[in-house]
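> I need the structure of the sequence given here:
(one chain, ligands or ions: 1)
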Amino acid sequence: MTVTIVGAQLGDEGKGALVDRWGGPADVVVRFQGGDNAGHTVVHDDEEYKLSLVPSGAVRGKTGVLGNGCVVNPRTLFSEVDTLDERGLEPDVRVARRAHVILPYHRVLDGAEEGEKEDEGLEAGTTGRGIGPTYEDKAGRRGVRVGDLLNPSVLRDRLEYVVPRTRRLAESVYGMDLDAATAPDLPVDLADAFDVEWLHDEFVDYGRRLREESMTVDCGDYLAERRAAGDRVLFEGAQGASLDIDHGGYPYVTSSNPTAGGAAVGTGLGPGVAGRGEVVGIVKAYLSKVGAGPMPTELDGPLAGQIRERGGEFGTVTGRPRRIGWLDLPMLRHAARASGFTGVAVNHLDVLADLDDLRVATAYDVDGGRVETPPATAERWAACDPVYRDVEPWPDVDWSAVEAYDDLPAAARDYLEVVGDAVDAPVYAVGVGPGREATVELTDPWSG
Ligand code: IMP
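Below is the predicted model:
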């Protein structure tokens, strides 16, 4: 039995609260895609931990695994592990030897490409962590994998091929002067970021530490053994379905597969493992988006401002205000099909309380026709006019007193039904406040 938790929209749906809750009975929490672009806050024993890479279960004494589908920045990894160590947690973190490594030059290229795209209004608004360029090198068969860090001579061979090529790219395509320029967001000198010797020294050290602390695993074998021993595995998705490189609003996407299929490819366990378990889509009661890209239900003006303020919809790292929109059912249908939701959790219901009007988009009109799921191209998706259904707003109540489904205002329960019908799956949990405890659970996915 496994539980897979994935974002149903555009990231920031509040997955962390459910991963915390349902990670409780799990023995192993596995991330299967993405890297340190996924900021999450974990509260444990009244202490707050901010993580972007290490699976949150590691804070709670579980084994946290970074699967082969992840891209790993060792500097972030060890800084998070050290912080947890200093706070007395001794986290058990394992990293797939097949996972790819984010090198400093990936971050430089991420920023350079976004800068170029900005001139054309095409930037994805990336987190700047080097995610895209690392997956590019993976697909281009020139990446460095975690397993390569364990073997200094293999690492040297890899770097000797890829670094000069990457230098040429930075200098010729992006016109960078690597010896003169500084990179404000880079924790190392720009010249070092493109220097084979410096990189080799630095990353051999990471490899040594990974080996000394027995942190690397063959992910598929390791997870299969844990399962054979009777351990429970929770797959923790990052980002959301509409940011999926295949199923999202390409090119305004991340470079991995946050949909549930990623849990198979990104861990080395067959699709039946996650597929026979529970797949819970996490839904925010409205939309929020970081970065550019289609968003047919986008709101502006005071209403967007009100929801943004109430929901605290500002980027965790940059503080940038997030774009806000009405709940988009075509987007949810698409996510539910792509991931095969067996249930959903709907978060931030309290944020929508007491509005004068409340709407959800049930379909789109585009090119003279009506569609029920988003078109495959961003341009056509952006041309969609939402078909709205007015739904009854619910009053503001003392949300801290809401402990059971029946305590919810009737109109809020109707709203949940609309969501459940659209995704053809039951609502397992409802988030009614920013705190982790502010969750009303209807079904525990582990009980199935
Ligand atoms: P990247 O993953 O840094 O390459 O960014 C690609 C796109 O995914 C950008 O629009 C980011 O804002 C978005 N993105 C990446 N991670 C997250 C996340 O954790 N929450 C919300 N959006 C994200």
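> alpha carbons only for contacts and neighbour counts from here, please
Noted.
> Give me the three-state assignment for residue 50.
strand (DSSP: H, G, I helix; E, B strand; the rest coil).
> In this structure it contacts residue 36, no?
No. Counting by C-alpha atoms under 8 Å, residue 36 is not a contact partner of residue 50; they are 11.4 Å apart.
> Neighbour count: those two, which is higher?
Ranked by neighbour count (other C-alpha atoms under 10 Å), residue 50 and residue 36 place residue 36 first, with 23 against 15.
> Was I right to think the more buried one contacts residue 66?
No. Using C-alpha under 8 Å, residue 36 is not in contact with residue 66, being 11.1 Å away.
> Where does the stretch 201-350 of the chain get nearest to the ligand, which residue?
At 3.8 Å from the ligand, residue 254 is the closest residue in the stretch 201-350 of the chain, using C-alpha to the nearest ligand atom.
> List the buried residues in the worst-scoring helix or strand of the chain on mean pLDDT.
Ranked by mean pLDDT, DSSP states H and E, the helix or strand of the chain with the weakest confidence is strand 40-44, at a mean of 79. Under the neighbour-count criterion of 16 or more other C-alpha atoms under 10 Å, strand 40-44 has 40, 42-43 buried.
> Just say helix, strand or coil for residue 370.
Going by three-state DSSP: residue 370 is strand.
> which residues touch it?
363-364 (C-alpha atoms under 8 Å, 6 or more residues apart in numbering).
> Run through the residues of the stretch 1-150 of the chain sitting next to the ligand.
10-12, 37-39, 124-129, 131-132 (C-alpha under 6 Å from any ligand atom).
> which pair in these spans the largest distance?
12 and 132 (19.1 Å; C-alpha to C-alpha).
> Any regions of the chain where pLDDT drops low?
By pLDDT under 70, the low-scoring segments of the chain are 181-184, 317-318, 448.
> and if we set it to 80?
Counting by pLDDT under 80, the chain shows low-confidence ranges at 41-44, 180-187, 316-319, 435-436, 448.
> Enumerate the residues of the stretch 251-400 of the chain near the ligand.
Near the ligand, when you scan the stretch 251-400 of the chain using C-alpha under 6 Å from any ligand atom, you find 252-254, 290-291.
> Recalculate using a threshold of 5 Å.
253-254, 290-291 (C-alpha under 5 Å from any ligand atom).
> Kindly indicate which of those lies nearest residue 321.
residue 290 (8.0 Å).
> Now do the same contact list for the closest one.
125, 315, 321-323.
> What of residue 127?
Taking C-alpha under 8 Å, 6+ apart as the test, what residue 127 contacts is residue 37.
> Quick check on it: phi, psi?
Taking degrees, to the nearest 10, you get phi -80, psi 0 for the backbone angles of residue 127.
> For the contacts of residue 290, which PyMOL command selects only the ones that are buried?
Selection of the buried residues among the contacts of residue 290 in PyMOL, burial being defined by 16+ other C-alpha under 10 Å:
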select buried, resi 125+321+322+323
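> mind giving me CSV with the contacts of residue 290 and columns for distance to residue 370?
Output for those, formatted as CSV (distance: C-alpha to C-alpha, whole Å):
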residue, distance to residue 370
125, 30
315, 34
321, 32
322, 28
323, 25
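> Is it possible to get a markdown table of the contacts of residue 290 that adds secondary structure?
Shown next, in a markdown table, are the contacts of residue 290 (three-state DSSP):
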| residue | secondary structure |
| --- | --- |
| 125 | coil |
| 315 | coil |
| 321 | strand |
| 322 | coil |
| 323 | strand |
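> Can I get the buried ones among the residues of the stretch 1-150 of the chain next to the ligand as something I can paste into ChimeraX?
With 16+ other C-alpha under 10 Å as the criterion, this ChimeraX line picks the buried residues out of those:
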select :10,11,12,37,38,39,124,125,126,127,128,129,131,132
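> So which of the residues of the stretch 1-150 of the chain next to the ligand is the closest to residue 166?
residue 132 (14.2 Å).
> is it true that that closest one touches residue 255?
Yes. Applying C-alpha under 8 Å as the test, residue 132 and residue 255 come out as touching, 5.4 Å apart.
> wait, residue 359 sits on residue 387?
No. Counting by C-alpha under 8 Å, residue 359 sits too far from residue 387 to count as a contact (9.8 Å).
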